[in-house]
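Participant: sequence and predicted structure are below.
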Number of protein chains: 2
Amino acid sequence: MSSHSDALALVADDMQQVDLKMQATGEVFAPLAGAINLLLASGGKRLRPALALLVSRLYPQAELERVISLAAAVEMLHSATLVHDDVIDGSLLRRGQATLNASWSQGATILAGDFVFARAAFFAAETDNIRVMKIFSQTLMTIVEGELRQLYALRHWSQPRDAYYQRIYGKTAALFAAATEAAAVLGHAPEEQIDLLRDYGYNVGMAFQIMDDILDFVGDPGKVGKPVGGDLRQGAVTLPVFHYLQMHPEALQIMQTSGNGHDSGNLLGQLISDIAQSPAIDATRREAEQFIEAAKACLAPWPPGQHRQALLDLADYVVARSL
Amino acid sequence: MSSHSDALALVADDMQQVDLKMQATGEVFAPLAGAINLLLASGGKRLRPALALLVSRLYPQAELERVISLAAAVEMLHSATLVHDDVIDGSLLRRGQATLNASWSQGATILAGDFVFARAAFFAAETDNIRVMKIFSQTLMTIVEGELRQLYALRHWSQPRDAYYQRIYGKTAALFAAATEAAAVLGHAPEEQIDLLRDYGYNVGMAFQIMDDILDFVGDPGKVGKPVGGDLRQGAVTLPVFHYLQMHPEALQIMQTSGNGHDSGNLLGQLISDIAQSPAIDATRREAEQFIEAAKACLAPWPPGQHRQALLDLADYVVARSL
């Protein structure tokens, strides 16, 4: 994936500034600063801030300092949701590393997540742009509402597919869309370009979550950092499941009887393996590819150039990663 | 306390608009909207938004719509911290009513709190004032950090009194100060008046928390909505305890041996009762009164008028309530 690395290399210097900004300093209560810095060091692809940085490069008039603040706000917001997700799931591992949840009390972890939300809001305010602040707070509401919808939808084995798209928009695509939209706003882009760049982010985000949901079935557990089929075991009905159920309606009963956590006969384990080896995976991937095609089409009005090319390459990377 | 009711009556119409703004409408995911509206209906004194509304009345040039947004942001932020506090404490009652925590799963309650934070940030953005947004996000960091410090300080029976003032600034006074400061900012007040009004809010907030900590010992459990001495039982060292320890250093050992939750001989229950009947309560109240005197002194430069009078009356109410 050299083109993906090339794309990130274009904004590597800016990303260092983003990382520096996100680091908690001596001003922060020491145990909290330690936790935040551990969280940041545990990595992640920094895809959301990279998209914001690259979009802003389409507009030379964007003030770098404000774009750095936006990129930091987006990544901190993403990190905050992960901290609370891990509390809610009781996850002790994330990206193969111990979660904050694993070493801190639950109460402290909830508050640490709140603090990271607050830092995200503070960085968003540092963009000095009211419209960006509104995008940001609206997105935070959308994300949290998406996660609540997801909680409520657990173990609803028979549900409309639209509910899935709505959930992944909320939990993932909304923040991608906010990152690219807000970057365009900071670039003083014309409204129709802001719309296109928001759509680009939206489509990349939808594809990203669909690929995540595929990787939950077919990914290398070592790389993904969680056991295969974890979503279905937790009762989450994702796109591969919808496609599989369309081909094998009889599987619904297995889920209904075994998907409640008491799967003595390992029927669910067999089903997960069946889904992973079925054409449902390819059908799902084709949907992700369609979102990526739509994302790339949003960039059609821009003339060729290295930043436009980097945005195209990152879109391709999202469907090609880790398969 | 008719002067207190008179003070609130001055802004009753505005407060109705604040309440209306805070209500979740049909756009919000239905179970979440229900939870938010229940949370709002469970009352609370709306003291923080009242202070913001009253301060803004000192400045006829303040735009009412923005002040309403600020007041809603402040109250929502306060509500969000309560939701997470109740998860962290495992509290099933608040103000004598069932908490969200009591009926929802823990995960859903954490997310509901996050959503209320997000709504608060959204209302803050609706002030269309970058400085207010920065005050707001900074305050959110301060509050959360204060709560984390409090968690870390639990059952540290021997600690400096300064740590107590730092904690109550974080958990309570910071938001009072932010409410009055931001209202002055929206009123386009001169900087020295913004500083004075922030100090007024700070001092009222410090006194408010000190009175809360007194009421935990001597309040009517029915009115306070939680059992007497709950703070000490949870390991929280509050100002009455500092004063009592100064008079009775030997009590430290009772806390060290009985304050870990295994108090078979009810020694802690006896200590709570001893503190409640001791001069430590009056000594603590005198400190609250000093903060209130300081708050009122901040208003000295303003000429007599009904809104200034209302701010003075609300300050007096804070130390007079429910004793």
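Facilitator: Alright, I've got the coordinates. Because the structure is predicted, anything quoted here is derived from the model rather than measured.
Participant: what's near enough to touch residue A:296?
Facilitator: Residues counted as contacts of residue A:296 (CB atoms under 8 Å, 6 or more residues apart in numbering or on different chains) are A:312, A:315. In this view, the C-beta of every residue, glycine as well, is placed from N, C-alpha and C.
Participant: which SSE is immediately downstream of the helix or strand hosting it?
Facilitator: Assessed by DSSP states H and E, residue A:296 sits inside helix A:280-298. Where DSSP H and E defines the elements, the next helix or strand beyond helix A:280-298 is helix A:306-320.
Participant: list of residues touching that following helix?
Facilitator: Contacts for helix A:306-320 (CB under 8 Å, 6+ apart): A:1, A:3-4, A:6-8, A:10-11, A:47, A:50-51, A:54-55, A:57-58, A:200, A:203-204, A:207-208, A:211, A:285, A:288-289, A:292, A:295-296, A:299, A:302.
Participant: quick revisit: and the helix holding residue A:296, what's its mean pLDDT?
Facilitator: The pLDDT scores in helix A:280-298 average 97.
Participant: quick one, strands of chain A?
Facilitator: Taking DSSP state E, the strands of chain A run over residues A:93-94, A:97-98.
Participant: now, of the contacts of helix A:306-320, which are buried?
Facilitator: Neighbour-count burial (16 or more other CB atoms under 10 Å in any protein chain shown) is assigned, among the contacts of helix A:306-320, to A:4, A:7-8, A:10-11, A:47, A:50-51, A:54-55, A:57-58, A:200, A:203-204, A:207-208, A:211, A:285, A:288-289, A:292, A:295-296, A:299, A:302.
Participant: and the closest residue to residue A:199 other than its chain neighbours, how many neighbours does it have?
Facilitator: Among residues not flanking residue A:199 along the chain, residue A:298 sits closest, at 4.8 Å (CB to CB, 6 or more residues apart in numbering or on different chains). Here the number of neighbours of residue A:298 (other CB atoms under 10 Å in any protein chain shown) works out to 22.
Participant: over to residue A:28?
Facilitator: If you count neighbours by other CB under 10 Å, residue A:28 ends up with 19.
Participant: now do the one 3 residues further on
Facilitator: Other residues near residue A:31 number 15, with proximity taken as other CB under 10 Å.
Participant: check the residue of the stretch 201-323 of chain A found nearest chain B and give its pLDDT.
Facilitator: Nearest residue of the stretch 201-323 of chain A to chain B: residue A:234, at 11.2 Å (CB to the nearest CB). With respect to pLDDT, residue A:234 has a value of 87.
Participant: what pLDDT does residue A:225 get?
Facilitator: 62.
Participant: I meant to write residue A:34 there.
Facilitator: Listed pLDDT for residue A:34 reads 86.
Participant: looking at the stretch 151-300 of chain A, which residue is nearest chain B?
Facilitator: Counting by CB to the nearest CB, the stretch 151-300 of chain A gets nearest chain B through residue A:151, at 5.6 Å.
Participant: what about stretch A:54-74, average pLDDT?
Facilitator: So the average pLDDT for stretch A:54-74 ends up being 97.
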